[in-house]
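Enquirer: sharing a model that was predicted from the sequence below.
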Amino acid sequence: MILITGANGALGRLVAAELADRDDVVLGTRNPGSAAPGSAAPGSADTGSTHAPRPARRRIDFDDPSSLDLTGVDTLLLISAGYGEDDVVIARHDAAITAAEKAGVRHLVYTSLSGDGDHLAYALAHRWTERRLARGPLAWTVLRNGLYAEFLATIAAPGPDGTIAAPLGAGRLAAVARADLAAVAARVAAEPERHAGRVYELVGERALGGAELADAVGGSYEPGSLGAAREAIAGSGGALPYQVPMLVGTYSAIAGGFLDGSGIEENALRTLLGRAPRPALDAYRTAVSALSAS
């Protein structure tokens with residue numbers, strides 16, 4: 001059995017779709033009653049359908065260790081439980097790994113952060129989790145994901161006049177289409193033994209800069225300052241206090257040239273996909289359009 005955590009999240013839904021033809025997949029989520037696309041509500045069944053049964057759902061809440069029932073799970077795909085202070089995220093991951101060890105899970109696949117992201121404020125919890133796995137008894141695989149191209153649509157979105165003012169400077173980001181990272185995660189989870197003990201770097205093959213992003217959406221690129229970005233983020237009301245330095249630090253790392261993929265010795269994205277990666281610029285353009293329409 002493969003259990004996917006965070007199955008209602010953007011990455012988890014895509015992984016579940018990749019594994020939709022299997023009958024041994026369970027979707028883990030805080031709220032099993034809120035079915036993700038392509039999944040069934042608890043207790044439902046396909047009767048008279050020619051399609052494969054929809055995957056079962058199980059309540060998995062990292063903030064409630066008593067909910068971490070991993071009985072019968074052979075492979076756990078642990079999608080990083082971010083969106084919290086380091087101590088919160090570390091506690092969540094530790095609870096999940098401990099539950100996996102107690103339940104006799106054979107293999108844990110973890111979605112981490114690319115190696116060139118060590119300058120980012122949210123890298124520590126990822127590296128702690130990698131170390132926790134390396135020191136434990138479980139077989140494991142670490143997928144060091146690059147930042148999503150779709151994330152760029154949030155932090156480098158064009159304004160009403162088409163101007164991108166994100167403080168990216170002359171830096172570039174080796175962004176990845178989220179769907180490609182989901183495809184890799186599904187492949188590895190389906191055959192975990194082949195990937196035991198491996199740490200895979202998964203970043204975009206073509207790094208994107210502000211001017212290219214602007215060209216993709218028919219706008220212009222006029223980068224602002226980090227200070228102006230900090231004020232805008234803090235004043236937006238949509239960011240929690242710990243998220244302000246995280247976002248500003250991400251801008252700074254991109255502008256400083258630390259996330260362009262040049263620091264990655266071996267990018268395994270194309271090899272694990274078995275094909276050319278999706279153009280990250282296309283994923284960015286699509287995400288910008290979706291945000292504009294919402």
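Expert: Sure thing, it's come through.

Enquirer: from here on, contacts and neighbour counts on C-alpha atoms
Expert: OK.

Enquirer: got the contact list for the closest residue to residue 263 other than its chain neighbours?
Expert: Leaving aside its sequence neighbours, residue 263 sits nearest to residue 116 (Cα to Cα, 6 or more residues apart in numbering; 5.9 Å). Residue 116 makes contact with 258, 259, 261, 263, 264 under the criterion Cα atoms under 8 Å, 6 or more residues apart in numbering.

Enquirer: go on, residue 110?
Expert: Counting by Cα under 8 Å, 6+ apart, residue 110 touches 77, 78, 79, 80, 140, 141, 142, 143.

Enquirer: look up how far residue 143 lies from it.
Expert: According to Cα to Cα, to the nearest Å, residue 110 stands 6 Å off from residue 143.

Enquirer: check residue 128 too.
Expert: Distance of residue 128 to residue 143, computed by Cα to Cα: 14 Å.

Enquirer: those two: which is more packed in?
Expert: Comparing residue 128 with residue 143 by other Cα atoms under 10 Å, the one with more neighbours is residue 143, at 24 against 16.

Enquirer: what sits against the more buried one?
Expert: By Cα under 8 Å, 6+ apart, the neighbours of residue 143 are 109, 110, 111, 112, 113, 185, 199, 200, 201, 202.

Enquirer: which of those fall within helices?
Expert: Mapping the contacts of residue 143 onto helices (DSSP state H) picks out residue 185.

Enquirer: switch the contacts of residue 143 over to a markdown table; also include pLDDT and distance to residue 177.
Expert: Formatted as a markdown table, those follow (pLDDT from 0 to 100; distance: Cα to Cα, whole Å):
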| residue | pLDDT | distance to residue 177 |
| --- | --- | --- |
| 109 | 98 | 19 |
| 110 | 98 | 18 |
| 111 | 98 | 15 |
| 112 | 98 | 16 |
| 113 | 98 | 15 |
| 185 | 98 | 13 |
| 199 | 98 | 20 |
| 200 | 98 | 16 |
| 201 | 98 | 14 |
| 202 | 98 | 11 |
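
Enquirer: any chance of TSV for the contacts of residue 110, columns distance to residue 217 and pLDDT?
Expert: What follows is these, written out as TSV (distance: Cα to Cα, whole Å; pLDDT from 0 to 100):
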residue	distance to residue 217	pLDDT
77	35	98
78	34	98
79	31	97
80	31	95
140	40	98
141	37	98
142	34	98
143	31	98
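
Enquirer: may I ask which two of the residues you listed are separated the most?
Expert: 80 and 140 (14.3 Å; Cα to Cα).

Enquirer: so for the two, which residue has more residues nearby?
Expert: Between residue 80 and residue 140, residue 140 has the larger neighbour count (other Cα under 10 Å), namely 24 against 19.

Enquirer: hmm, the more buried one is touching residue 101, no?
Expert: No: shown here, residue 140 and residue 101 do not form a contact pair, counting by Cα atoms under 8 Å, at 11.5 Å.

Enquirer: about what we covered before: which of the contacts of residue 143 sits closest to residue 151?
Expert: residue 113 (13.8 Å).

Enquirer: let me see the contact set for that closest one.
Expert: Counting by Cα under 8 Å, 6+ apart, residue 113 touches 123, 126, 143, 144, 145, 146, 147.

Enquirer: look up how far residue 74 lies from it.
Expert: Look at residue 113 and residue 74: by Cα to Cα, they are 24 Å apart.

Enquirer: what does residue 125 give?
Expert: Using Cα to Cα, residue 125 is found at 25 Å from residue 74.

Enquirer: pick out whichever of these two has more residues nearby.
Expert: Taking neighbours as other Cα under 10 Å, residue 125 and residue 74 compare with residue 125 leading, 24 against 19.

Enquirer: dump the residue contacts of that one.
Expert: By Cα under 8 Å, 6+ apart, residue 125 lies in contact with 86, 87, 89, 90.

Enquirer: low-confidence ranges in this protein?
Expert: Along the chain, segments meeting pLDDT under 70 span 34-53.

Enquirer: what do you get if the cut-off is 50, keeping everything else the same?
Expert: By pLDDT under 50, the weakly predicted segments of the chain are 36-50.

Enquirer: so what does the longest helix anywhere in it touch, helix or strand wise?
Expert: Criterion DSSP H: the longest helix present in the chain is helix 86-103. Packed against helix 86-103 by the contact rule (3 or more Cα pairs under 8 Å, 6 or more residues apart in numbering; DSSP states H and E) you find helix 123-135.

Enquirer: thinking again about what came up before, out of the contacts of residue 110, name the ones that lie in strands.
Expert: Per DSSP state E, strands hold the following members of these: 77, 78, 79, 140, 141, 142, 143.

Enquirer: that concludes my questions; thank you for your assistance.
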